[in-house]
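Undergrad: Please work out how this folds:
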Amino acid sequence: MNEVQQNPTPYIIPETSVTKPRLGFLGVGWIGLNRLKAIARSEMADVAVLCDVSERRLTKASDRLPDSLAVFDPEEFFSIDLDGIVIATPNAFHAEQSIRALEKGMAVFCQKPLGRNAAETSEIIETAKKADKLLGVDFSYRFTHFKLIYDLIRSGELGEIYSASLVFHNAWGPDKKWFYDPQISGGGCVLDLGIHLADLALWGLDFPEITSVNSSLFSKGKPVTESGGQAEDFAAAKITTEEGTSIQLECSWNLPAGQDAVIEATFYGTKGGACFRNVNGSFFDFRAEHLKGTERKVLADPPDNWEGRAVLNWLKKLSAGSGFDKETEQYMKTARVIDQIYKNGKTD
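TA: As a prediction, the model looks like this:
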């Protein structure tokens, strides 16, 4: 019987100095509050300021950290001297707020997507580079059991990867109206869920050059048109790399999936395969498996408290005095693929 690793550490966060940065949180909704809790538990930073336009959300966050200054006005927020900020606002504000913070000398950790398109993403990255400031994006699934799949791929144990299939179906969909307005969100399920899939595929394959992207976008069962202004709720894409690897992505909101969520990432190589998938429809519990012929070796099972690892990794780098990280430029490659999915998936 294979020994299952119940509580692995799939992503080792580097040890750093004990300097405590002064942080501000811009947006303390569900995700922002979740990242706030992770940082507060770590005691690695001084959370100095909380900002949100919602009195209810701001009060809830302030109750957890009563010593933090709570402000409604982003202008007041940006007038305060901080080492870094965590942004969890609607997508339309990410570029403006990230650039403003970076130009004021603050490091930034931003919810995905960093920008609504490649142009916004590029502007943010170039600003971070010019300011020599640390920039992080919450691609949180890199810090799950998927890291074990990543290690198998990169070790060469799977051989040459020729196919990858990644799926993220959310049977519920977002509960906030702005997600369905492309002017604010930048897109639908592709920018919400598919961007995680694209990031995992490209990261796992060491960001190969892409030669083609073919895609289909649907809204309520109908093809999305250029002039319709719809936020897609189903998308399928086939991406081909310069080496000939076939990457297939599929994502959706409100799909009759038979469970809360279907989340999978499977890679096939000339020497074997590997699979990362959610357990019992969960958004949080994952299993990693090594595939050999007709056998599956379980590498790791739940539980795994992974949700705050991405922001804590950024925070440890910030505490160590890290400036611009060249790996940040990877975000541009993912953004370009997402742009191509949108460009090629809409009908006239």
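Undergrad: residue boundaries of the strands in the stretch 201-348 of the chain?
TA: Using DSSP state E, counting those that start in this stretch, the strands assigned to the stretch 201-348 of the chain run over residues 210-219, 222-223, 234-241, 246-253, 261-269, 272-278, 286-292, 295-300.
Undergrad: tell me the most buried of those?
TA: strand 246-253 (a mean of 23; mean count of other Cβ atoms under 10 Å). All C-beta spots, glycine's among them, are computed from the backbone N, C-alpha and C.
Undergrad: hmm, who's touching that strand?
TA: When contacts are defined by Cβ atoms under 8 Å, 6 or more residues apart in numbering, strand 246-253 is touched by residues 162-170, 172-174, 188-190, 192-194, 197-198, 201, 205, 233-241, 341.
Undergrad: For it, give the mean pLDDT please.
TA: Strand 246-253 carries an average pLDDT of 98.
Undergrad: partners of it, with directions?
TA: Note on strand 246-253: by DSSP bridges, its sheet partners are strand 161-170 (parallel), strand 234-241 (antiparallel).
Undergrad: so what secondary structure elements neighbour the longest helix belonging to the chain?
TA: In the chain, taking DSSP state H as the definition, the longest helix is helix 330-345. Counting contacts by 3 or more Cβ pairs under 8 Å, 6 or more residues apart in numbering; DSSP states H and E, the secondary-structure elements packed against helix 330-345 are helix 118-131, helix 195-204, strand 210-219, strand 234-241.
Undergrad: can you dump the C-alpha coordinates of that helix into CSV?
TA: The C-alpha atoms that make up helix 330-345 are tabulated as CSV, following Å, rounded to 0.1, in the frame of the first residue of the first chain:
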residue,chain,number,x,y,z
GLN,A,330,5.9,35.5,-15.8
TYR,A,331,2.6,37.2,-15.2
MET,A,332,2.8,38.9,-18.6
LYS,A,333,2.9,35.5,-20.4
THR,A,334,-0.2,34.4,-18.6
ALA,A,335,-2.0,37.7,-19.4
ARG,A,336,-1.1,37.4,-23.1
VAL,A,337,-2.7,33.9,-23.2
ILE,A,338,-5.8,35.2,-21.5
ASP,A,339,-6.0,38.0,-24.0
GLN,A,340,-5.8,35.5,-26.9
ILE,A,341,-8.5,33.3,-25.4
TYR,A,342,-10.8,36.4,-25.4
LYS,A,343,-9.7,37.6,-28.8
ASN,A,344,-10.2,34.2,-30.5
GLY,A,345,-13.3,33.1,-28.6
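Undergrad: and that helix with strand 246-253, angle?
TA: Counting by axes from the mean of the first three to the mean of the last three Cα atoms, to 10 degrees, helix 330-345 lies at 80 degrees to strand 246-253.
Undergrad: average pLDDT for stretch 120-132?
TA: Averaging pLDDT along stretch 120-132 gives 98.
Undergrad: now swap in stretch 26-44 and tell me
TA: Model confidence over stretch 26-44 averages 96 on the pLDDT scale.
Undergrad: Could you list the buried residues of it?
TA: By neighbour count, with 16 or more other Cβ atoms under 10 Å as the criterion, the buried positions of stretch 26-44 are 26-29, 31-33, 35-36, 38-40, 44.
Undergrad: Identify the farthest-apart pair in those residues.
TA: For these, the maximum inter-member distance is 22.2 Å, found between G29 and M44 (Cβ to Cβ).
Undergrad: before we move on, the earlier item: D83 is nearest to which of the strands of the stretch 201-348 of the chain?
TA: Taking Cβ to Cβ as the criterion, strand 286-292 is the member of the strands of the stretch 201-348 of the chain that comes nearest to D83, at 32.7 Å.
Undergrad: List the neighbouring strands of the closest one plus their orientation.
TA: Here, using DSSP bridges, strand 286-292 pairs with strand 272-278 (antiparallel), strand 295-300 (antiparallel).
Undergrad: ok, back up a step: go through the strands paired with strand 246-253 and name the closest to F139.
TA: With Cβ to Cβ as the yardstick, what comes closest out of these is strand 161-170 (12.9 Å).
Undergrad: Give me the buried positions along the closest one.
TA: Of the residues in strand 161-170, those buried by neighbour count under the rule 16+ other Cβ under 10 Å are 161, 164-170.
Undergrad: and what of stretch 302-320?
TA: Of the residues in stretch 302-320, 302, 304, 306-319 count as buried by neighbour count, 16+ other Cβ under 10 Å.
Undergrad: Report the mean per-residue pLDDT for it.
TA: 97.
Undergrad: Next, the distance between the ends of that stretch.
TA: Between the opening and closing residues of stretch 302-320 lies a distance of 31 Å (Cα to Cα, to the nearest Å).
Undergrad: What of stretch 48-56?
TA: The separation between the terminal residues of stretch 48-56, taken as Cα to Cα, is 19 Å.
Undergrad: Need the residues that contact it.
TA: By Cβ under 8 Å, 6+ apart, the list of residues contacting stretch 48-56 from outside reads 22-29, 32, 36, 58, 61-62, 65, 68-74, 76-77, 80, 82.
Undergrad: do the same with stretch 194-214
TA: 112-113, 139, 141-142, 146, 149-150, 153-154, 161, 164, 166-168, 235, 237-243, 245, 247, 249, 251, 265, 267, 330, 333-334, 336-338, 340-341, 344.
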